[in-house]
Each structure stands twice: as C-alpha cells, then as structure tokens.
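Peer 1: Quick one, fold the following:
(2 chains)
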Amino acid sequence: MLARLAENLFWYGRYLERSEDLARLINVTSHLNLDLPSGISAGWEPLIRITGNAPLFNDLGHPTDETHVVRFLLSEDSNPNSLKATLEYARENLRSARDLVPKDGWEQMNAVYLKSTEQLSGKLSKRRRQDFLEELILDCQQLAGMFQGTMSHDHAYDFILIGRHLERSDMITRILEVRGYDLLPETAEDLGPFESIQWMSVLKSLTGYQMYRRHVRSRVSGSDVLRFLLRDGQFPRSVMFCLLVLEDLIEHLPGDDDRSLRIVTRLQRLVNETEVKNLRGQRLVNFMDQLQIELAGTDRAIRQTWFGSES
Amino acid sequence: MHLDDYEPKEFYDELIGKGGRPRVASRAVWKYLKGLDKNELSERRGACDLAALVAGITFRVYFEDTGVDRAMPFDLIPRVIALKEWQGIEAGLKQRVKALNCFIDDLYNDQEIVRDGVFPAELLANSENFLEQCRGISPPLGIWAHICGSDLVRDADGTMYVLEDNLRIPSGVSYMLENRQVMKRVFPELFDDSGIQPVDDYPSHLYDTLASLAPSPADYPSVVVLTPGIYNSAYFEHAYLAQQMGAALVEGRDLVVDTNDQVFMRTISGLEPVDVIYRRVDDAFIDPEAFREDSMLGVPGLMRAWRSGNVALANAPGAGVADDKVVYAYVPEIIRYYLGEEPKIENVPTWKCQYPDEMTYVIDHLDELVVKPANESGGYGMLIGPRSTKKERDTFAKLIQKNPRNYIAQPTLALSTCPTFIQNGVAPRHIDLRPFVLSGLQTYVTNGGLTRVALKAGSLVVNSSQGGGSKDTWIVDTEVS
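Peer 2: Coordinates of the predicted model:
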C-alpha cells in the first residue's frame, strides 16, 4: 500500500475522531451549563483550553461566552481546528484515498461533509445546534461502522484505526487535564458543590457514564472516574483501551522498526503505574502533559516509519 | 408527462423520427416517460440529482479560482441507438484506431508514409505533438494509443461523422459508467428485458488491456493509474477507474526510477516494482528529466525506464502526434494506406489552412465555417462562424494568416438533437457521442459511450468545461425488446 495513502487514511481517522469528540464536548457542556446554577457553572472557557486553542482565541479578543466560544469551535475561519475545518480535512484525506475504501463509505463522508458545511455556514440556534451535533455524532458512528463492516481489515483499515485511537487517547488526556484541574484542586477542602454532576459530565463527554455505572458500581467520584477513563481495559474511550488497540495494530504493520511500539508500551506502563489518587491539581496537569508528549512521540515515530516523513 | 408537442425542428432527432413518432429503438423509453405523472417525474429528477452529488460526480472547470466542486449536469432522458447501427460504427472505430496506431508507429520509426508522399513531410516537421524523444521506439504490440476516445456527431441527414480523435488522455468514461449507475437506480423498471446493452464491463476490459502490456509475463502484473492529483479536473475519474480495476492510484511523488531504469512505488513496506502505468498526466509533465524540468507532477527517469522496455506507459508518450486536427484531415488516406480498406465511418470535410487556396476559401467563408486550432481541446479557441461577430472573424482571419498550419475549418454541422429536460418540459438539445476504444491484445469498443449535451438552447458546444451536460447512452437490441 502506498505510503502517501496510508498517511491520508491515518489523518482521516484522526480528523473524523476530532470532529466527533468536539461535537460531544459542545453538547455535554451545553447540558452541564443548563443543570448548574450560574455561579457554579464551568462556563465555556474550558473548551478553549481542552482543544488547545487558547492563544489563538485570546488573540481574537472575543469574550468567553457561549456565542463566541461555540462559533469559534464550530466555524471560525481563522481556527484551523474548527469543526468545519476538521470535517473538511477528514473528507479531503479520504478523497485522496478513496480508491482504498468502500464506495459507500466515501459517499457517506461526502454527504456528511456537504450537509454539515451547509448547516455550519448559516446561523445555528441553540436547539438546532443541539440536533445538528447529535446527528453528526451519529453520522461519525455510522461511518466507523460502515468501514468496520464493509472494508477489509487490511493495512489501509489499520491506519484509520491508528489515527482514530491516537486522536482519541490524546483527547481523553486533554479533557481530563482541563476538567480535572478545575474539579480536583490540591486540597480536599476546596471541593466545590455539584462535584458529582460535573464528573458525570466528564464521563458523558466520552459517552462513559452508562458503562462507568455498570462497571464501577460506586458513586461518581473524581478518582474513580479518573481511574476508569485512564485504565479501564474494556471501555473503548479509556486511554488504556486505546493504547492496547494501538499496540496490537502497530505490531502487525510491516517492517522491523519498533520505535512507535516501544513508546506505546512505555505509555501503558505510565498509565498502569501512576498512583491515581495522588493525581490532583498541578500533579494531574503534569501527568497528562507527560502522556501527551509521549503520544506526540508515537505520532512522530509512526509518520517516520511508514509515511517516510523526514521529521 | 406531456410529450406530444415535442418538436425536433429541422435537425435529426435521436429519439423522434418524422411525424413526431419515436424511432423503433426509442419506443419503450418514450412510452414510459409519457406514462409518468408530474410528481413521479420530479421525484425521479430529485433522486437523480442527489445520487450524482452524493457519488461525488463533481468536476472542476479550469480557471475557476474558487475550486468549488459542482455536480456535472446530468439529463435523465437517455440517448438511444439501435444495436444494428452501432455494430457498423463499432467496426469503423476499430478500423480507424488500428490505422492510427500503424501511423504513429511508422512516424516514429521508418516514416514510410512520408516517403511514399501520402503524408506531407512539412506537416510532420511542424507538428507540435511529435516528440523527438520517441524516435526509434517500438512499444509492445506496436500500439501507442491504447485508450482512444473519438468524438462522433450526426448531421441533419442522419450520417455519423468522426469529428476528432483523442489519442492522448481522453476523459469522460467514468461519467458513462456513473450515468448508467444513476439510471439503474432511478429507473430500474426500464432495464427489465428492454435489450439495453451493458457498459459496466469497461473497467475489466481496461484492466485486461493494460495487463497485456506488462514487460514480462506475470499472473498479476502491477498496474497503476498515474494522476496529477486531487486538484486535477478529472481526478474523480482517475480515482474511479483505479478503484474499479483494483489498481493503485499513484501520483508522481509516489514513484521512483532507480539507476537500473526500473520503476518502483513507495509503499508502507518499502519500494515495490511497477509494470504498467496508465498515466493521466500530459506528455510534457511526465518526466522532468526528459521534458519540462519544472514539472512537479512527473517521475524523473520515467522515459528512460520506458525506452528500456522496463515499464509500459498507456498511452505511449508521443501518441498525440496523430490526434491534432490537421492530421485528422488525412485519416481517410491513412486508413487506405495502412489497411488497404475504405473508411467505414466518414470524416467531416475539412479545409487545411496550410494550403494557400484552402486558406483563402476559409477566410472568405468564415461566417459559415467552424474554425479550430490544431492543438487545443475542450472547445477552447474555436470560432463558430454563423454565431460570430464581424470583429471575432477579423481577429481569426489574422490568427490564421499568422500561423496557417495551426488551423483547420469545417462546415457548421447541424448536430443532431435529443429530447432534454428544461425548466418547463422537454426540448431538443444538440448532442455528440464519445465512444472509447481499447487496444491491446484485443480491441474493445464501449457499448455506446458518453453522450454530451449542450444544455443552452441552440448551442453546439457540448464540452463540460463550457456548460455542457451528459446523458446515459443506450445501445438497444430491438430484436429483443
């Protein structure tokens, strides 16, 4: 398989996952803000930090209210990570590799892109936004399902999955870093009210609430949620699950360059060995940063080994 | 729907004959269309627009800076040709392409046709498409143009003419295939025992043709499609054909030629050999070592590899020497010279401006002729006499005098029409037809081809880059239906 196309599919996987994750984050934040009294509300600013857009957003000088943050995340032209942009990148990458994927899959991606672009070009009322994002999440799930069910599970497919799981694990650490820092301050006395409802929203942004309830069987508390989203080996949106998938996929790629594999196993060790109950405040931020640096290293090693990237 | 007042006017209409009655091969579809009520019809038109957009049948128009995709207009009334007539055309196309391939091979080798005085030496000397780099090469099977798209038009009296041959990188076949897919989706009931000949096997014939060119026999030769990339106007087609053939779709940067003149592609497992390249990149851009140094689309060393016989290129570089519009005028002689046969399809009568008396005639009759530059395609740089202004004609007269060899002129043909949907109802619109001919171990002609339609009333320009659309083309076996 062509190295260039492997890279296209990798980025398709990443950008589609990024689009879906962003849609979930926005919807969950809307719900959370409706549930909380305005003094407690986390507001919209954390979304700017989670998506790593703080410098750009601050340059624009917008207030961090719902209207501005959401518009920035959905369709701001200068934001290279807006939903509009990530969907376009997903589509363009898949378009380049379209002869490797089932025709229906490409047609579906194209249809989702056209529909979303139309929606995102107009003004979205709050209710229509909600519907649109819910539909988009379903569309992304449907795409993943179509590929899973109709595409040979060959290297082409593997690269989509690698992109998806690398992106997903990165997003989980970002959510945990920003929301965890706000919700798990250094000392327990600082614990705010409505803690549990806020942790529920963290779970929901990763569709983890229901599975958490089934498997953890305790009240929703910070450390338990953190442990679940970091270490659970069965929930598809936990860091460990993504790392196990990545290990399995990378192991089966051609060639004997094991740089990326070594980083992934190092990441697994990090996640398994950390003392979760000590992850609070700055220590939590540092830990998540460390994971993100290692994930970036995995990304670099993959691109050098299989896509022929120089650096 | 109401079709009784459809009026083909003075032109030959492909579906409707004298007295407003449908031709034999078109009876079934005409009856069916008549039976549809307004709602059924608009439902089908909607379904068809959507199907085309979703399938990503979009193409880019050159010089359009926004680069936005737009759907190629598709008209859902098919163009119908009776199988009996088609078989004659098919034989004519095979004959023509065979002769053209003999001609190209001769020009790059012994040039007997020039020595025998059948083809003028000065035309060859002035040909822009003759590539010095191809002299002395004999590609496998002696074939240069493996994929040919010839444009056919029908005049008022019903005669089919070849208007031009495209021997470089003819495009449009994917629209033929997709149009049929859309029609089958929208009108499944029409395809039940109606004797419509299938077109879907084109990709497998294309693959067989390409595979038969492999330098050394192999069960699974490595065949790739070389595209300029996703911003090319025909990228959709490149991707589509590669997918349908199960061939890799590569760009120049994916290929590399080593010091032994072998071609490889860069894969996730390292370098893999390539045997056959269906290249959709122009001659001038395929190899910066041999042609344009500034080409970012090509593969350095590709010509070396091809000359050494280590890789097959389809179409072969230099094949375009036989498709300029001045060579066109000689095709009947070319057929007689190489095959000793009379042409089975006619050429449109053509004045060649390089001869002073013919040039004088052309300049005196600019208002009734169509003037075409020899090396342009896509309808660019043409003068349509009867539609032109005095100023345009004066400009053209000067252009012709400056470079006579670059121009030919033909009578304005009364192109045939086909019923086509317009804003309110159905009206005749002018059409042409581009069948595709594959030459390898075997020769294959598509059942029909791509029918292009000029959507503007009265317009004769069918090119997609100038607002033309397309239709499905049905070759119908009337003995069955």
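
Peer 1: The helix or strand hosting residue A:86: what's the following helix or strand?
Peer 2: Secondary structure assigned from DSSP states H and E places residue A:86 in helix A:83-96. Note on helix A:83-96: by DSSP H and E, the next helix or strand toward the C-terminus is helix A:103-121.

Peer 1: for the stretch 51-200 of chain B, what spans make up the strands?
Peer 2: Secondary structure of the stretch 51-200 of chain B (DSSP state E, counting those that start in this stretch): strands at B:58-59, B:70-71, B:74-82, B:147-154, B:160-166.

Peer 1: closest one to residue B:284 among those?
Peer 2: Nearest of those to residue B:284, taken as Cβ to Cβ: strand B:160-166 at 16.5 Å. Glycine gets a C-beta too; all of them are placed from N, C-alpha and C.

Peer 1: would you list every one of the helices in chain A?
Peer 2: A:3-35, A:45-50, A:54-60, A:66-75, A:83-96, A:103-121, A:126-150, A:155-183, A:195-205, A:209-216, A:222-231, A:239-251, A:259-273, A:281-306 (DSSP state H).

Peer 1: which residues are there in the stretch 351-481 of chain B that come within reach of chain A?
Peer 2: Residues of the stretch 351-481 of chain B lying near chain A by Cβ under 8 Å from any Cβ of the partner chain: none.

Peer 1: which regions of the stretch 351-481 of chain B lie under the pLDDT threshold?
Peer 2: Judged by pLDDT under 70, the stretch 351-481 of chain B has its weakly predicted residues at B:375-379, B:464-465, B:480-481.

Peer 1: Equivalent analysis for the stretch 201-350 of chain B, please.
Peer 2: For the stretch 201-350 of chain B, no range has pLDDT under 70.

Peer 1: Around chain A, which positions in it sit nearby?
Peer 2: Residues of the stretch 201-350 of chain B lying near chain A (Cβ under 8 Å from any Cβ): B:230, B:239-240, B:242-243, B:248-251, B:253-254, B:265-270.

Peer 1: re the thing from before, list the helices and strands the helix holding residue A:86 packs on?
Peer 2: helix A:3-35, helix A:66-75, helix A:103-121 (3 or more Cβ pairs under 8 Å, 6 or more residues apart in numbering or on different chains; DSSP states H and E).

Peer 1: Deepest-packed of those helices, please.
Peer 2: helix A:3-35 (a mean of 23; mean count of other Cβ atoms under 10 Å in any protein chain shown).

Peer 1: Mind listing the residues bridging to residue B:407?
Peer 2: According to DSSP bridges, the partner residues bridging residue B:407 are residue B:373.

Peer 1: Quick one: neighbours of it, just the number.
Peer 2: Look at residue B:407: counted by other Cβ atoms under 10 Å in any protein chain shown, it has 25 neighbours.

Peer 1: Tell me if I'm right that it and residue B:400 touch.
Peer 2: Yes: in terms of Cβ atoms under 8 Å, residue B:407 counts as a neighbour of residue B:400; the distance is 4.8 Å.

Peer 1: what sits in contact with each of those two?
Peer 2: B:353, B:362, B:371 (Cβ atoms under 8 Å, 6 or more residues apart in numbering or on different chains).

Peer 1: Doesn't residue B:471 belong to a strand?
Peer 2: Yes: assessed with DSSP: H, G, I helix; E, B strand; the rest coil, residue B:471 lies in a strand.

Peer 1: Helix, strand, or coil at the closest residue in space to it that isn't next to it in sequence?
Peer 2: Spatial nearest neighbour of residue B:471, chain neighbours left out: residue B:451 (4.4 Å); criterion: Cβ to Cβ, 6 or more residues apart in numbering or on different chains. At residue B:451 the chain is in strand, as set by three-state DSSP.

Peer 1: Just list the residues touching residue B:451, thanks.
Peer 2: If you count contacts by Cβ under 8 Å, 6+ apart, then residue B:451 has B:79, B:418, B:431, B:432, B:433, B:434, B:470, B:471, B:472, B:473 around it.

Peer 1: where does chain A have its least confident helix or strand?
Peer 2: Using mean pLDDT, DSSP states H and E, the weakest-scoring helix or strand in chain A turns out to be helix A:195-205, at a mean of 85.

Peer 1: Distance-wise, check the residue nearest the centre of chain B relative to residue B:162.
Peer 2: In chain B, the C-alpha nearest the mean C-alpha coordinate belongs to residue B:149, at 3.3 Å (Cα atoms, centre = their mean). Remark: distance between residue B:149 and residue B:162 (Cβ to Cβ, to the nearest Å) = 11 Å.

Peer 1: From the shared contacts of residue B:407 and residue B:400, which land in strands?
Peer 2: By the criterion of DSSP state E, membership of those in strands covers residue B:371.

Peer 1: ok so, going back, can you get me a residue count around the residue lying closest to the residue nearest to the centre of chain B once chain neighbours are set aside?
Peer 2: Excluding its sequence neighbours, the residue lying closest to residue B:149 (Cβ to Cβ, 6+ apart) is residue B:170, at 2.9 Å. Neighbours of residue B:170 under the rule other Cβ under 10 Å: 22.

Peer 1: where does residue B:170 land on pLDDT?
Peer 2: The confidence metric pLDDT takes the value 93 at residue B:170.

Peer 1: so it makes contact with residue B:145?
Peer 2: No: counting by Cβ under 8 Å, residue B:170 stays clear of residue B:145, with 9.2 Å between them.

Peer 1: got the contact list for residue A:12?
Peer 2: A:90, A:93, A:94, A:97, A:160, A:163.

Peer 1: Correction: the previous question concerned residue A:74.
Peer 2: Contacts of residue A:74 (Cβ under 8 Å, 6+ apart): A:26, A:82, A:83, A:84, A:120, A:124, A:129.

Peer 1: Tell me how the chain divides into domains.
Peer 2: By default, I'm working from chain A. A:1-150, A:153-311 (automatic domain parsing).

Peer 1: that's the other chain; I wanted chain B
Peer 2: B:91-147+B:199-339, B:349-411.

Peer 1: Pick the most buried one from those domains.
Peer 2: domain B:91-147+B:199-339 (a mean of 19).

Peer 1: ends of that one, how far apart?
Peer 2: 13 Å (Cα to Cα, to the nearest Å).

Peer 1: can you check stretch B:28-43 too?
Peer 2: 21 Å.

Peer 1: Return the distance of it from the chain's centre.
Peer 2: 31 Å (Cα atoms, centre = their mean, to the nearest Å).

Peer 1: could you pull out the strands for the stretch 351-481 of chain B?
Peer 2: With DSSP E, counting those that start in this stretch as the criterion, the stretch 351-481 of chain B has strands spanning B:351-352, B:369-373, B:383-384, B:407-411, B:417-422, B:425-434, B:436-439, B:443-445, B:450-454, B:468-476.

Peer 1: how near is the nearest residue to residue A:25 once chain neighbours are set aside to chain B?
Peer 2: Spatial nearest neighbour of residue A:25, excluding adjacent residues (Cβ to Cβ, 6+ apart): residue A:205 at 5.3 Å. Between residue A:205 and chain B the distance is 31 Å, computed by Cβ to the nearest Cβ, to the nearest Å.

Peer 1: what's the distance between residue A:205 and residue B:153?
Peer 2: For residue A:205, the distance to residue B:153 - Cβ to Cβ - is 62 Å.

Peer 1: And for residue A:106?
Peer 2: Distance, residue A:106 to residue B:153, by Cβ to Cβ: 35 Å.

Peer 1: before we move on, the earlier item: what about the residue nearest to residue A:25, how many residues nearby?
Peer 2: 25.
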